[in-house]
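In: Return atomic coordinates for the entry below.
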Amino acid sequence: MLNNRRVWVPLAIVICLLSITAVWLISTAQGAAPTGVVSNYITALQHKDFRKIIDLTSTYKMEIARIKSQNPQALWPKLLEDYYKDKTTVLSSDPGFWVNYSGSVMGDPAQNIRALSGLLPPDCKWRISESRNQVVTSFLDGRQHSQTVVYVEVAYPTLDTSPRVATGTQHWFLKNTILEFKVDSAGGLVTEVATVPKADTFWTKPYPQSAIPFLQGYYRTALFQAQSPDVARGTIRELNDLSWDRAEPVLREAVEKRSKFFIEAVPSLGEHRDEQAVPAIVAVLGDQFKGTQLYGCDEGTLPLISALGAIGKVGQTNAVQVVKAGLSETITYIVKNNMPWAQEQTHSCLTSYLATLSALDDPAWRVFPLKPNVISISDEFSEVLRDFERRQQSSSVVDWQSPSVDNVRRYLGLFKPCGTNSSWRCPLDHQLEYVTVASASEAKMYGWIVNPYTGDTHVKRFEITVHVGNDPAKPWLITNAETP
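Out: Predicted coordinates for the structure are as follows:
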């Protein structure tokens, strides 16, 4: 029986085909017949001769005897052929660790044999080192019988022939182990196989240079098949330990193909300023913000934004446009949902976007006037609209020197007087829908003009352009206002 260890070729749970209540050591002399059985067993296993394995396994032979005892002899050929075919199919396929675990608990030796096949690949080196004769007593009927324990030393000369053992987020490569075969003396059949506790030794770093190509492929598979972020991060560390030249194409491929935990590969690509990864990163961001307003400060977006900032100038890519679109979508999402944000959260999110745009485009992005201490980002633009609504022709948020100021005056002309004797115009509400960021000094607000007095809604659409002013108290000034 094999120890219950989770391995890339899963090691099985011990299958106790003969339970023991007492063991007496009789001798340490090597017995020829049992060692021959073990040699034949291993050879058959390495050649995938599963029919022979069935004939050498005690449990299977007992089932064959039961079939013969319960059926007329004329049916034996058909029934036995069906039996061999069924068992061979099971032995030649691996349904997975937990299915195998369940099978072994119920007494099915298939898991044991499949795991043993993983421990004895054709390229391993093995030798029978010792055998011991024993007398055992069955707890089922109290009878005694003889068996021989045969020890087989196994060595794996290269990492690519080694069984892989996964413990948490680490990967281990078996270098040597010892297997314990138990052979029933009367029948000459294998009753149990186990790994010997504490006999395992593993390959240690630095691994041989000849193994690096294999390890690159192995870790690539492990990364694409990772079932948790921690496992993915552990695999990425192993890749980086090989060398960046080996890690880079695998990590970039993970982003390009968007493996389950590809986002864990992004920080390394940014840290190494990998310009080759920029198209894949930009493509992911573009898809995230395409056609819908998404929240761009989530854990799946910010690492991509930060990586682009770390990489810096990226030539003729559309990274700047995509990041600006992401900043616009983020502001819009918060505006539409009127999300209250703590200062630290707001500052961290917006700083990441602005730092990236500063690195990719223009250092002026670092002073882009989005205040981190507002309760809601919507206040940043809504206060401009409120001043515009109430003060109108004397509004301090209008850049009256703008080349488009006539458009602004025409826009204000849309507001109707409150009464025939009044020179003031009734304020209308601006219902802000979304914001686009054009540059480090310009943004545009879009939405509907709403009449709060008549109950009319969505009277007209508006487009109001703002740019960065020189007065810290009025960071945004309106340069254009239109109703498309």
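In: Pick out the residue closest to the middle of this structure.
Out: For the chain, residue 261 is the residue whose C-alpha lies nearest the centre (CA atoms, centre = their mean; 2.3 Å).
In: If you average pLDDT per helix and strand, which one of this structure comes out bottom?
Out: strand 20-27 (a mean of 31; mean pLDDT, DSSP states H and E).
In: next SSE after it?
Out: Next in sequence after strand 20-27, counting helices and strands by DSSP states H and E, comes helix 32-46.
In: what is the mean pLDDT for the very next helix or strand once past that next one?
Out: Secondary structure here is assigned by DSSP H and E; on that basis, the next helix or strand after helix 32-46 toward the C-terminus is helix 50-56. Per-residue pLDDT over helix 50-56 has a mean of 94.
In: Now do helix 50-56: everything it contacts.
Out: Here helix 50-56 makes contact (CB atoms under 8 Å, 6 or more residues apart in numbering) with 37, 40-41, 44-45, 60-61, 84, 87-88, 91-92, 113, 189-190. Heads up, the C-betas are built off the backbone N, CA and C, glycines and all.
In: Alpha carbons of stretch 60-76, as CSV, please.
Out: Backbone C-alpha positions of stretch 60-76 (Å, rounded to 0.1, in the frame of the first residue of the first chain) are rendered in CSV as follows:
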residue,chain,number,x,y,z
TYR,A,60,-7.9,-9.9,-8.4
LYS,A,61,-7.1,-13.7,-8.3
MET,A,62,-9.6,-14.1,-5.5
GLU,A,63,-12.3,-12.4,-7.6
ILE,A,64,-11.4,-14.7,-10.5
ALA,A,65,-11.7,-17.7,-8.2
ARG,A,66,-15.1,-16.5,-7.0
ILE,A,67,-16.3,-16.1,-10.6
LYS,A,68,-15.3,-19.7,-11.3
SER,A,69,-17.0,-21.0,-8.1
GLN,A,70,-20.3,-19.3,-8.8
ASN,A,71,-20.7,-20.1,-12.5
PRO,A,72,-20.7,-23.2,-14.7
GLN,A,73,-17.4,-23.9,-16.4
ALA,A,74,-18.8,-23.3,-19.9
LEU,A,75,-19.2,-19.6,-19.0
TRP,A,76,-15.7,-19.1,-17.6
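In: Okay, buried residues for stretch 116-132 please.
Out: Within stretch 116-132, the residues that count as buried by 16 or more other CB atoms under 10 Å are 116-121, 124, 126, 128, 131-132.
In: From those, which land in strands?
Out: Under the assignment DSSP state E, the buried residues of stretch 116-132 contribute 126, 128, 131-132 to strands.
In: domain parsing for the chain?
Out: Residue ranges for the structural domains of the chain, counted by automatic domain parsing, are given in the record as 20-202, 225-367, 378-482.
In: if we look at stretch 79-86, which residues are touching it?
Out: Here stretch 79-86 makes contact (CB under 8 Å, 6+ apart) with 51, 54, 63-64, 67, 71.
In: The same query, at a cut-off of 10 Å, please.
Out: The set of residues that contact stretch 79-86 without belonging to it, under CB atoms under 10 Å, 6 or more residues apart in numbering, is 50-51, 54-55, 60, 63-64, 67-68, 70-72.
In: How far off centre is that stretch?
Out: 42 Å (CA atoms, centre = their mean, to the nearest Å).
In: List the buried residues of it.
Out: Residues residue 84 are the ones in stretch 79-86 that count as buried (16+ other CB under 10 Å).
In: Now render the domains of the chain as CSV, adding distance to residue 211.
Out: As requested, the domains of the chain are arranged in CSV below (distance: least, CB to CB, whole Å):
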stretch, distance to residue 211
domain 20-202, 4
domain 225-367, 10
domain 378-482, 50
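In: any idea of the mean pLDDT for stretch 229-247?
Out: Mean pLDDT, computed over stretch 229-247, is 95.
In: gap between it and the chain center?
Out: Centroid displacement of stretch 229-247 relative to its chain, using CA atoms, centre = their mean, is 13 Å.
In: what residues are up against the closest residue to the residue nearest to the centre of the chain other than its chain neighbours?
Out: If the residues on either side of it in the chain are set aside, residue 261 comes closest to residue 232, at 3.8 Å by CB to CB, 6 or more residues apart in numbering. Residues near residue 232 by CB under 10 Å, 6+ apart: 169, 222-226, 254, 259-265.
In: among those residues, which ones are buried?
Out: 169, 222-224, 226, 254, 259, 261-265.
In: What is the nearest of the residues you listed to residue 410?
Out: For these, the minimum distance to residue 410 (CB to CB) is 48.4 Å, reached by residue 263.
In: The closest one is in contact with residue 284, isn't it?
Out: Yes - using CB atoms under 10 Å, residue 263 makes contact with residue 284 at a distance of 8.6 Å.
In: Quick check: neighbours shared by these two?
Out: Taking CB under 10 Å, 6+ apart as the contact criterion, the residues that touch both residue 263 and residue 284 are 255, 300-301, 304.
In: secondary structure class for residue 297?
Out: Reducing the assignment at residue 297 to three states with DSSP: H, G, I helix; E, B strand; the rest coil gives coil.
In: Secondary structure class of the closest residue to residue 317 other than its chain neighbours, three-state.
Out: The shortest distance from residue 317 to any residue that is not its chain neighbour, by CB to CB, 6+ apart, is 5.3 Å, and that residue is residue 278. When states are read from three-state DSSP, the local structure at residue 278 comes out as helix.
In: Can you report how many residues neighbour residue 278?
Out: When counting by other CB atoms under 10 Å, one arrives at 21 neighbours for residue 278.
In: is it true that it touches residue 320?
Out: No - here residue 278 lies out of contact with residue 320, judged by CB under 10 Å, at a distance of 11.2 Å.
In: Now do the shared contacts for those two.
Out: With contacts taken as CB under 10 Å, 6+ apart, residue 278 and residue 320 have 308, 314, 360 as neighbours in common.
In: Rebuild the residues you listed as CSV, extending it with distance to residue 406.
Out: As requested, the shared contacts of residue 278 and residue 320 are exported to CSV (distance: CB to CB, whole Å):
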residue, distance to residue 406
308, 40
314, 40
360, 35
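In: so how far is the helix or strand hosting residue 249 from its chain's centroid?
Out: Using DSSP H and E, residue 249 maps to helix 244-257. Relative to the centre of its chain, helix 244-257 is centred 14 Å away, using CA atoms, centre = their mean.
In: and if you look at stretch 273-290?
Out: 18 Å.
In: how about it: buried residues?
Out: Neighbour-count burial for stretch 273-290 [16+ other CB under 10 Å]: 274, 277-282, 284-285, 288-289.
In: hang on, the earlier thing: give me the buried subset of the contacts of helix 50-56.
Out: For these, buried by 16+ other CB under 10 Å: 37, 40-41, 44-45, 60-61, 84, 87-88, 91, 113, 189-190.
In: Rebuild those as JSON lines, extending it with pLDDT and distance to residue 473.
Out: JSON lines is the format used below for these (pLDDT from 0 to 100; distance: CB to CB, whole Å):
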{"residue": "37", "pLDDT": "95", "distance to residue 473": "92"}
{"residue": "40", "pLDDT": "96", "distance to residue 473": "91"}
{"residue": "41", "pLDDT": "96", "distance to residue 473": "87"}
{"residue": "44", "pLDDT": "95", "distance to residue 473": "87"}
{"residue": "45", "pLDDT": "93", "distance to residue 473": "82"}
{"residue": "60", "pLDDT": "93", "distance to residue 473": "87"}
{"residue": "61", "pLDDT": "93", "distance to residue 473": "92"}
{"residue": "84", "pLDDT": "95", "distance to residue 473": "89"}
{"residue": "87", "pLDDT": "92", "distance to residue 473": "84"}
{"residue": "88", "pLDDT": "92", "distance to residue 473": "83"}
{"residue": "91", "pLDDT": "88", "distance to residue 473": "80"}
{"residue": "113", "pLDDT": "86", "distance to residue 473": "80"}
{"residue": "189", "pLDDT": "93", "distance to residue 473": "92"}
{"residue": "190", "pLDDT": "93", "distance to residue 473": "87"}
